[in-house]
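*Asks:* How does the following fold in three dimensions:
(4 chains)
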There are 2 protein chains.
Amino acid sequence: MSNKKQKMDPRVMRTRQLLRDALVELIEERGFEKITVQDITERATLNRATFYLHYSDKLDLLYQSTKEILNDLVSSLNDTFDDKLEFDFSKDADEPHDTFLHLFEQISLNSKLYKVFLTEKDIPYFSSGLKEIIIDFISNGINFTQPDDKRLTVPREMAVRYFAAAFLEVIVWWLENDMHYSSKYMATQLMRITMMGPYVDNPFGK
Amino acid sequence: MSNKKQKMDPRVMRTRQLLRDALVELIEERGFEKITVQDITERATLNRATFYLHYSDKLDLLYQSTKEILNDLVSSLNDTFDDKLEFDFSKDADEPHDTFLHLFEQISLNSKLYKVFLTEKDIPYFSSGLKEIIIDFISNGINFTQPDDKRLTVPREMAVRYFAAAFLEVIVWWLENDMHYSSKYMATQLMRITMMGPYVDNPFGK
DNA sequence: TGTATTTTCGACACAATGTCGTTAATATAA
DNA sequence: TTATATTAACGACATTGTGTCGAAAATACA
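*Replies:* Have a look, this model is predicted:
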């Protein structure tokens, strides 16, 4: 979590947490478009004027919450990258890389918020923000594994976007299924399909 | 296009077209959240009351427009599928399948609307609707190529979602780059990365 | 306990919504 | 072309939500 919160007035922490929780609840119930600031403060059992002491409008609340959650994810991923700088993809495809595993595990720590923000249709910022993070993630991997553009099958940027979106979608699918599968299982499957493609008998002998 | 429009009062067609064009313009300029019904009718040079004769609110306008555009895409894709029922993926990876090609060509016919609706951060319905279409597209391909679950590297539904999101992202990337590449080039690259993976020298011998 | 900060409360002007009834413009069929 | 039906324009209205105030109450913290 963000360590800035420790020097904060507990009333402020409580208020912001109540507002964020109310936002997530209401989005789940009605969708972001159909929520008013009045609804949010009512659900949070706070006065409407209090809302404006912290956020300028409901988009701002969504945006600030998004930023905090995603910053936490990035710090956590960076820690893992530092530990595991060797990107050894030449091992067994059935043993997930630690960074893959870590990604799923971090998300499961905040699964309620991730699920609502990623699966509701009209949530700005969050999906795109998470996609940016995954784009960096993929870039690191591809740049390390193959720095030579000529040995890529398609333009580098296209490959990065392709896999980033695919990864994000697998995460969304996992959340929609209420994380029926373990993080390790998901990370393994993601490795498999990325490295081996969809078919056990690859029609292309390559 | 939707053939229903032919029996329509031309005033109604004109009004709805003006409203849709104004919506697309304003989303491009300010984003969907920051637009009011007043803004839309003003840009469309229509009275605000006229808006409510056709749509209940701006979300409804967006939703109806989305439905019409995507229905056109689906009909057009279905025609192509009927022509090319054989899904022969065992040919050369550098010759794009006609269905791939057709997908890009159809989108380029409405590229302005597709670009705005797909790349602006806060447009509900459209991306998810197009993704559903591509999910069907991918499902057909994978089901035909490999009906046996045991010969897939990962669960079928996961594979479908994985590739659908990847395809959609490549389309978005193409539009963001103002279609600098041809439809045929894009279809070819998409075939290549999907069938061969990112690396010319695949680290996994399969 | 005393002081600072935060929250509450009631009130306000303002903007946008959704709905009227009436009038004007346009489409379509006889 | 003319008659009739449909649609759009216009002005007005009550309603809802917004964003901001100052003063008072509640809470934090030193």
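*Asks:* count of residues packed around the closest residue to residue A:39 other than its chain neighbours?
*Replies:* Of all residues not flanking residue A:39 in the chain, residue A:26 sits nearest, at 5.8 Å (C-beta to C-beta, 6 or more residues apart in numbering or on different chains). For every residue, glycine as well, the C-beta is placed using N, CA and C. Neighbour count of residue A:26, defined by other C-beta atoms under 10 Å in any protein chain shown: 21.
*Asks:* Can you give the contact residues for the host helix or strand of residue A:51?
*Replies:* Following DSSP states H and E, one finds residue A:51 within helix A:48-54. The contact list for helix A:48-54 (C-beta atoms under 8 Å, 6 or more residues apart in numbering or on different chains) reads A:12, A:15, A:16, A:19, A:37, A:38, A:40, A:41, A:61.
*Asks:* From those residues, pick out the ones that also neighbour DNA strand C.
*Replies:* A:12, A:15 (C-beta under 7 Å from any atom of the strand).
*Asks:* Quick check: end-to-end length of stretch A:44-58?
*Replies:* Terminal residues of stretch A:44-58 are spaced 13 Å apart (C-alpha to C-alpha, to the nearest Å).
*Asks:* same thing with stretch A:114-129?
*Replies:* Terminal residues of stretch A:114-129 lie 12 Å apart, using C-alpha to C-alpha.
*Asks:* mind checking pLDDT for the most centrally placed residue in chain A?
*Replies:* Computing the C-alpha centroid of chain A and ranking residues by C-alpha atoms, centre = their mean puts residue A:130 first, at 4.4 Å. Note on residue A:130: pLDDT of 79.
*Asks:* Confirm for me that it is in contact with residue A:69.
*Replies:* No. Contact criterion C-beta atoms under 8 Å: residue A:130 and residue A:69 do not qualify, at 9.1 Å.
*Asks:* nearest residue to residue A:172 other than its sequence neighbours?
*Replies:* residue A:118 (5.1 Å).
*Asks:* How is chain A partitioned into domains?
*Replies:* A:1-55, A:63-206 (automatic domain parsing).
*Asks:* Out of these, which one sits most buried?
*Replies:* Among these, domain A:63-206 has the highest mean neighbour count (mean count of other C-beta atoms under 10 Å in any protein chain shown), at a mean of 17.
*Asks:* what about it, near DNA strand C?
*Replies:* No. Using C-beta under 7 Å from any atom of the strand, we find that domain A:63-206 stays clear of DNA strand C, coming within 14.4 Å at best.
*Asks:* How far off centre is that domain?
*Replies:* Centroid separation for domain A:63-206 versus its chain: 9 Å, with C-alpha atoms, centre = their mean, to the nearest Å.
*Asks:* Worst mean pLDDT among the domains of chain A?
*Replies:* Among the domains of chain A, domain A:63-206 scores lowest, with a mean of 77.
*Asks:* Where is the longest helix in chain A?
*Replies:* Ranked by residue count, the top helix of chain A under DSSP state H comes out as helix A:58-83.
*Asks:* is that one anywhere near chain B?
*Replies:* Yes. Looking at helix A:58-83 against chain B by C-beta under 8 Å from any C-beta of the partner chain, the contacts come from residue A:59.
*Asks:* Could you check how far that helix is from the centre of its chain?
*Replies:* Remark: helix A:58-83 is offset 8 Å from the chain centroid, using C-alpha atoms, centre = their mean.
*Asks:* Counting by contacts, list what it packs against.
*Replies:* Counting contacts by 3 or more C-beta pairs under 8 Å, 6 or more residues apart in numbering or on different chains; DSSP states H and E, helix A:58-83 packs against helix A:10-30, helix A:37-43, helix A:98-109, helix A:111-119, helix A:126-145.
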